[in-house]
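**Student:** everything below, folded, please.
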Amino acid sequence: MPQPATGLGTPAEPRAGSEFAPLLKTVKGQGLLDRRTGWYAVRIVLNLLALAATVTAMALTGDTWWTLLYAVPLCVLWARTAFFGHDAGHAQITRGKGAGRLIGLLHSDLLLGMSYAWWNDKHNRHHANPNHIDKDPDVGVGALVWTQKQAERREGLARWLTRNQAGLFFPMLLLEGIALKVYGFQDLKRQPPRERAVEAPLLVLHIVGYVALLLTVMSPGKALTFALLHHALFGLHLGMTFAPNHKGMEMPDPDDPDHAAWGHLRRQVLTSRNVRGGPVTDWLLGGLNYQIEHHLFPNMPRPHLRLAQPMVRAHCAALGIPYAETSLTDSYRQALEHMHEVGAPLRK
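**Tutor:** Below is the predicted model:
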């Protein structure tokens with residue numbers, strides 16, 4: 001039976017696994033964890049055809065500045081490609097690890113030039129401990145910081161950056177498309193030889209193919225401009241997809257005994273935020289607007305997330321656990337406000 005709630009959804013005597021188990025049973029009973037391989041197959045083929053059509057249109061348009069306009073649909077289609085790689089890494093598409101890895105390698109390494117192994121390692125650590133300041137790599141110290149304690153240790157240019165990070169956040173996302181490639185190549189040194197022997201050739205093949213395509217269609221100056229514009233838009237699109245999910249939500253403190261007592265349900269729900277919307281929002285955000293459901297059931301196929309949402313919301317309400325859901329614009333506001341507050345002490 002659910003525990004009586006005290007305060008902000010904190011049970012009087014929490015029991016490990018007791019809160020999540022009934023929800024998991026209900027979701028399984030509805031068949032929402034069953035794979036939708038056919039659904040994915042159709043959409044993967046459509047995405048590949050759209051990519052091919054865009055490349056063909058670029059070739060037909062030729063060496064003109066008008067070709068730069070194709071950077072917009074190409075960045076959108078690359079984001080769909082990234083979403084398929086993400087879903088493959090979570091075993092949402094197939095149960096077999098080999099088939100899922102193959103899909104992930106083709107979409108991440110070959111089509112995007114982004115290391116599938118690097119992304120999986122980083123992303124799985126994030127899912128295990130979302131927003132945990134010691135364990136989640138997404139809230140570690142980097143170009144941006146996420147707590148005032150992290151901000152206090154900044155010096156020099158990094159200190160200035162932290163003071164102004166809310167205003168610089170979206171401009172910095174323009175660099176993310178290139179950064180993702182760099183991270184992948186850097187991670188090759190960490191990978192075991194067998195993994196590296198697969199990923200390194202695919203990453204190099206992507207770079208060679210991408211450069212060859214642009215130089216075949218355009219002059220070097222236009223090709224460079226296209227590549228920079230395309231990667232800037234791609235980074236912005238991905239960053240705007242992931243930014244609303246956790247920024248400004250609860251950040252578990254390793255020294256807080258209340259946080260240490262959280263089970264899977266609270267650890268995932270209280271650190272995540274959903275974004276309201278319809279089919280267009282679902283498509284643009286790759287289903288990650290159902291962030292709470294995705295974190296509770298990471299291997300749930302994307303089309304089932306919206307079906308699980310009413311069950312999850314009702315279960316949280318019964319336990320007195322806050323269920324965060326807001327509009328896309330308000331999610332950005334909350335994330336930027338959090339980043340602004342983190343840098344506040346440095347602006348005094």
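**Student:** where does this structure have low pLDDT?
**Tutor:** Across the chain, the ranges flagged by pLDDT under 70 are 1-17.
**Student:** residues of stretch 244-258 that come out buried?
**Tutor:** Within stretch 244-258, the residues that count as buried by 16 or more other CB atoms under 10 Å are 244-252. Any C-beta I mention is one placed from the backbone N, CA and C, and that applies to glycine too.
**Student:** ok, now stretch 145-157?
**Tutor:** Across stretch 145-157, burial judged by 16+ other CB under 10 Å covers 145-146, 150-151, 154.
**Student:** export those to CSV and tack on secondary structure and distance to Pro301?
**Tutor:** Shown next, in CSV, are the buried residues of stretch 145-157 (DSSP: H, G, I helix; E, B strand; the rest coil; distance: CB to CB, whole Å):
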residue, secondary structure, distance to Pro301
Val145, coil, 35
Trp146, coil, 31
Gln150, helix, 36
Ala151, helix, 39
Arg154, coil, 41
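**Student:** closest to Ala21 among those?
**Tutor:** Within the buried residues of stretch 145-157, the smallest distance to Ala21 is 31.4 Å, found for Trp146 (CB to CB).
**Student:** pretty sure the closest one contacts Val139?
**Tutor:** Yes: contact criterion CB atoms under 8 Å: Trp146 and Val139 qualify, at 4.3 Å.
**Student:** between those two, what contacts are shared?
**Tutor:** With contacts defined as CB atoms under 8 Å, 6 or more residues apart in numbering, the residues shared by Trp146 and Val139 are 133, 251.
**Student:** can you tell me the element the most centrally placed residue in the chain falls in?
**Tutor:** The centre of the chain sits closest to Phe242, judged by CA atoms, centre = their mean, with a distance of 4.6 Å. Using DSSP states H and E, Phe242 sits in helix 220-242.
**Student:** what about the helices in the stretch 1-150 of the chain?
**Tutor:** 20-29, 37-61, 71-89, 97-105, 111-112, 116-128, 148-152 (DSSP state H, counting those that start in this stretch).
**Student:** from the ones you listed, which stretch is densest packed?
**Tutor:** Highest mean neighbour count among the helices of the stretch 1-150 of the chain (mean count of other CB atoms under 10 Å): helix 111-112, with a mean of 23.
**Student:** output the helices of the stretch 1-150 of the chain as CSV; include the columns distance to Gly277.
**Tutor:** What follows is the helices of the stretch 1-150 of the chain, written out as CSV (distance: least, CB to CB, whole Å):
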stretch, distance to Gly277
helix 20-29, 22
helix 37-61, 18
helix 71-89, 15
helix 97-105, 26
helix 111-112, 25
helix 116-128, 23
helix 148-152, 32
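**Student:** who wins for proximity to Leu288 among those helices?
**Tutor:** So among the helices of the stretch 1-150 of the chain, helix 71-89 is nearest, using CB to CB, at 7.8 Å.
**Student:** next, the angle helix 116-128 makes with that closest one.
**Tutor:** 70 degrees (axes from the mean of the first three to the mean of the last three CA atoms, to 10 degrees).
**Student:** can you give me the angle helix 71-89 makes with helix 37-61?
**Tutor:** Going by the same axes, to 10 degrees, helix 71-89 makes 150 degrees with helix 37-61.
**Student:** other SSEs contacting helix 71-89?
**Tutor:** Applying 3 or more CB pairs under 8 Å, 6 or more residues apart in numbering; DSSP states H and E, one finds that helix 71-89 contacts helix 37-61, helix 97-105, helix 111-112, helix 116-128, helix 220-242.
**Student:** kindly export it (C-alpha atoms) in PDB.
**Tutor:** These are the backbone C-alpha positions of helix 71-89, laid out as PDB (Å, rounded to 0.1, in the frame of the first residue of the first chain):
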ATOM      1  CA  ALA A  71      21.100  23.400 -43.700                       C
ATOM      2  CA  VAL A  72      17.700  23.900 -42.000                       C
ATOM      3  CA  PRO A  73      15.900  20.700 -43.100                       C
ATOM      4  CA  LEU A  74      19.200  18.800 -42.800                       C
ATOM      5  CA  CYS A  75      19.600  19.800 -39.200                       C
ATOM      6  CA  VAL A  76      16.000  18.800 -38.400                       C
ATOM      7  CA  LEU A  77      16.600  15.400 -40.000                       C
ATOM      8  CA  TRP A  78      19.900  14.900 -38.200                       C
ATOM      9  CA  ALA A  79      18.000  15.500 -34.900                       C
ATOM     10  CA  ARG A  80      15.500  12.700 -35.900                       C
ATOM     11  CA  THR A  81      18.600  10.500 -36.600                       C
ATOM     12  CA  ALA A  82      20.000  11.300 -33.200                       C
ATOM     13  CA  PHE A  83      16.600  10.400 -31.600                       C
ATOM     14  CA  PHE A  84      16.700   7.000 -33.200                       C
ATOM     15  CA  GLY A  85      20.300   6.500 -31.900                       C
ATOM     16  CA  HIS A  86      19.100   7.500 -28.500                       C
ATOM     17  CA  ASP A  87      16.200   5.100 -28.600                       C
ATOM     18  CA  ALA A  88      18.400   2.200 -29.800                       C
ATOM     19  CA  GLY A  89      20.800   2.800 -26.900                       C
END
